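Q: Predicted model, plus sequence, below.
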Amino acid sequence: MDCKNVLSRFKNQAVFLKTVSRPQISSGQKVALNRKGNILYNEGDIEGARRIFLTTGYSDGLVRIGDFYRSKGRALDALRMYWIAPDKKKSESIIIELSEIIKSMIHEPEKKD
């Protein structure tokens, strides 16, 4: 499918095209970006580090971002980082927690006002 033709009807509108492929970067660029991401993470710029780690696919960095999100109670954001990393063990633990919450909501009797 030609994306340009599909989006041509939105010519005068702001359109964001999301892709799933990572940009082509050399191993040297990847190392430099990962270092920059680590610096940002250590300085507390978690979102800046997250963008870099997503771009480079740096799994250790993504897991650290997931750990940060989890410590802040952001389980779904943490799950996303673990899933992309991929860290199956940490992903599964959040999936189990979330499934238990859903089960309890399903089996909870309706409260009448």
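A: Structure received. Numbers count the residues shown, from 1 in each chain.
Q: May I have the residues that are in contact with V63?
A: M81, Y82, A85, D87, K90 (C-beta atoms under 8 Å, 6 or more residues apart in numbering). The C-beta positions use only the backbone N, C-alpha and C, and glycine is treated the same way.
Q: what do you get for K103?
A: Applying C-beta under 8 Å, 6+ apart, no residues contact K103.
Q: wait, isn't N34 in contact with L62?
A: No: shown here, N34 and L62 do not form a contact pair, counting by C-beta atoms under 8 Å, at 10.9 Å.
Q: Now do the shared contacts for the two.
A: F53.
Q: Compare neighbour counts for the two and give me the winner.
A: Taking other C-beta atoms under 10 Å, N34 and L62 do not tie; L62 has more neighbours (24 against 19).
Q: how far away is that one from K36?
A: 15 Å (C-beta to C-beta, to the nearest Å).
Q: how close does E47 sit to I39?
A: From E47 to I39 the distance is 14 Å (C-beta to C-beta).
Q: which one of these two has more residues nearby?
A: Ranked by neighbour count (other C-beta under 10 Å), E47 and I39 place I39 first, with 13 against 9.
Q: so what's that one up against?
A: Contacts of I39 (C-beta under 8 Å, 6+ apart): none.
Q: cool, and N34?
A: N34 sits in contact with I52, F53, T56, Y58, G61, where contact means C-beta under 8 Å, 6+ apart.
Q: Highest neighbour count among these?
A: Busiest of those [other C-beta under 10 Å] is F53, holding 26 neighbours.
Q: Check whether that residue sits in a helix, strand or coil.
A: Secondary structure state of F53, per DSSP: H, G, I helix; E, B strand; the rest coil, is helix.
Q: Assign the residue nearest to it when sequence neighbours are not counted to helix, strand or coil.
A: Leaving aside its sequence neighbours, F53 sits nearest to G61 (C-beta to C-beta, 6 or more residues apart in numbering; 3.6 Å). Under three-state DSSP, the three-state class of G61 is helix.
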